[in-house]
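Q: fold the stuff below for me.
(chains A and B, ligands or ions: 1)
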Amino acid sequence: MSPAAAAFKTDSKLERILSQGDFAVTAEIGPPKSASSKGVRSNAAMMKDVTDGQNLTDNQTAIVRLSSLAASVHVKEAGGEPIMQMVCRDRNRIAMQSDILGAYSLGIRNLVCLSGDHQSFGNQQTAKNVYDIDSIQLINMVRRMRDDHVLLSGEEIKVAPPKMYIGAAANPFADPFEFRVLRLEKKINAGADFIQTQCVFDLERFARFMELVVKRGLDKRVHILAGVTPAKSDKALRYMKTVPGMMVPDSLIERMAKAENKEEEGLNIAVETIKAMRQIPGVHGVHIMAIAWESAVPVIAERAGLLPRPAIREETAQAAPAEGKKTAD
Amino acid sequence: MIVAEQKPIAEIDRLLEGAKKVLIVGCRECVTVCQAGGEKEVNTMASALRLLWATSGRNPGAEILTETLERQCEPEYIEQIVKVAGEVDAILSLACGVGVQYLAERYPVWVVPGLNTKFAGGALEQGVWTEKCGLCGDCILYKTGGICPVIRCSKSILNGPCGGSHNGKCEVNEETDCAWQLIYDRMTKLGKVDRLLEIEPPKDWSKSRDGGPRKVVKEEIRI
Ligand code: SF4
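A: Got it, this is the predicted structure:
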């Protein structure tokens, strides 16, 4: 390994983009409720040149779907940069570590560590949840596998430790508000390299959150990607308002209700939101969650002026050591 | 205490199908307090079954006897019904699952549970009981302001709250308080909120449900 390459924690493409100071764009792909790889692959092909990484959700809202690990492999094969999500709901530490080793062996370099939605929301409501470890413990476990070459039990990983670029979530809209920033700090201390936030509709609250983040200097220790979700209708916005941990201002719902072409208005709002986020100090990128509307991603990226996506620059390797220090734990 | 509630009478009826002589056994401990299996409930259950069997024509001529023990979780009390237990072909236990097992281990007859054993908890208000302790075998209440996240957080998160906490409620439903909001509030009041900044490491679940029944041994009182 050359000294320059050693400056990076992983060989994630997302890590390079963020480290060279570019405003990153990631997007979500929801795996299907079937054994077909078609949709995932075509979405990956559509997104690979307009985003820097594609999140594969892990049985989101506790609905059984094609696994995030398998979906990540499909994305990789389709030319994308998979960001595999992993939730604590369904697997104990044995299964999680095993899947992390397996995912890495298949070329996956980014892992987002999440609690996961409670099973009572999904299509297997009589399931037993696991929660052997929580999301913060998972982050720390992945970091220790990568940097300290140990399993959670302390046993050494003698060869080929998995070197994952570690993502985590932050929700500026959940309670208690004051503790949200501190919990983000816990995630950073545990080893998170980048953060993808809950989708932002309430820009004012998000800005307040970011202000606290910057005040504590957390934006210097982690890369924050702000979540954006385009809505197709005022009905969709009204529904999202009822989801625990989401906030949707009434003014936005009214604006959508009045719009003649609602899909177009949804795209407009998403683009405006991204433009506003770029002005907020400490925001290093956006994460677009166009749930069941993946085709919106290239349109939003284009209109928000996020294209073309930057290439990995040669000098990134030189710039990396300082950047590496910035995100050290 | 252990909190339990009665199974529906239709289910109990099915469990006792074909029994000719049934002994209903109550317990004067926890299930008396939570009014699921004390003497009063034993008598009510006996009347309900007699009425059901008389009107439905099921289990015709079946006889029902009743007993309520001091405790169903100690062999010496279980022994007290040795005579009557020998005369019946089924025992309906109105104790928690512990009592059901003590009876089943001691008597070679068909023993069935009349209760669903729910949790370790206490009274919330008259007629309402709530779960408090996860029985995890390694108490961390000193870290969480005396509020148990293992059982009161829907995800047993040890570094909460998750992103679903809103207005003090859990993402699971509006009726459930978010345990981590409670913990945060209490630690704030106690001026100890900084302790929540420490990362709580993964729990040692081997002290919890693991490898068969756990045992507690107190050497100094063994004979
Ligand atoms: S909302 Fe609170 S109680 Fe519910 S799962 Fe999240 S942290 Fe636990």
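
Q: please verify my assumption that B:Phe119 contacts B:Met1.
A: No. Under the criterion of CB atoms under 8 Å, B:Phe119 is not in contact with B:Met1, lying 9.8 Å apart. Placement of C-beta: from N, CA and C, glycine included.

Q: quick one: whatever residue of chain B ends up closest to chain A from B:Trp180, how far?
A: Closest contact between chain B and chain A, by CB to the nearest CB, is at B:Gly163 (3.4 Å). For B:Gly163, the distance to B:Trp180 equals 11 Å [CB to CB, to the nearest Å].

Q: next: B:Glu29.
A: Taking CB to CB, one finds B:Glu29 at 33 Å from B:Trp180.

Q: out of these two, which sits in the busier spot?
A: B:Trp180 (27 against 23; other CB atoms under 10 Å in any protein chain shown).

Q: check contacts around that one.
A: B:Trp180 is in contact with B:149, B:153, B:157, B:160-162, B:165, counting by CB atoms under 8 Å, 6 or more residues apart in numbering or on different chains.

Q: mind checking pLDDT for residue 114?
A: In the absence of a named chain, this looks at chain A. A:Leu114 is assigned a pLDDT of 98 by the prediction.

Q: that was the other one, I meant chain B.
A: 98.

Q: from what I see, it and B:Leu92 are in contact.
A: Yes. Applying CB under 8 Å, one finds B:Gly114 in contact with B:Leu92, separated by 4.8 Å.

Q: joint contacts of those two?
A: Here B:Gly114 and B:Leu92 have B:12, B:24, B:45 as joint contacts, going by CB under 8 Å, 6+ apart.

Q: the first one in helix, strand or coil?
A: Meaning B:Ile12. Using DSSP: H, G, I helix; E, B strand; the rest coil, the secondary structure recorded for B:Ile12 is helix.

Q: the spatially closest residue to it that is not a sequence neighbour: how many residues sit nearby?
A: The shortest distance from B:Ile12 to any non-neighbouring residue, by CB to CB, 6 or more residues apart in numbering or on different chains, is to B:Gly114 (5.6 Å). When neighbours are counted by other CB under 10 Å, B:Gly114 registers 28.

Q: for A:Phe194, phi and psi?
A: phi -140, psi 160 (degrees, to the nearest 10).

Q: wait, it sits on A:Arg221?
A: No. Counting by CB under 8 Å, A:Phe194 stays clear of A:Arg221, with 10.9 Å between them.

Q: list the residues that contact the residue in the stretch 151-300 of chain A that the ligand sits nearest to.
A: With CB to the nearest ligand atom, the shortest gap between the stretch 151-300 of chain A and the ligand falls at A:Pro244, namely 7.1 Å. By CB under 8 Å, 6+ apart, the contact list for A:Pro244 reads A:174, B:164-166, B:169-171.

Q: hmm, 10 Å instead?
A: A:117-118, A:121, A:171, A:173-175, B:162-167, B:169-174, B:178 (CB atoms under 10 Å, 6 or more residues apart in numbering or on different chains).

Q: which of these come close to the ligand?
A: Restricting those to those near the ligand by CB under 6 Å from any ligand atom leaves B:162, B:164-165, B:170-172, B:178.

Q: the residues you listed in strands, which ones?
A: Applying DSSP state E to the ones next to the ligand among the contacts of A:Pro244, no entry is found in strands.

Q: contact partners for the residue lying closest to A:Arg65 once chain neighbours are set aside?
A: Leaving aside its chain neighbours, A:Arg65 sits nearest to A:Pro31 (4.5 Å; criterion: CB to CB, 6+ apart). Contacts for A:Pro31 (CB under 10 Å, 6+ apart) come out as A:37, A:39-40, A:43, A:56-60, A:65-72, A:74-75, A:85.
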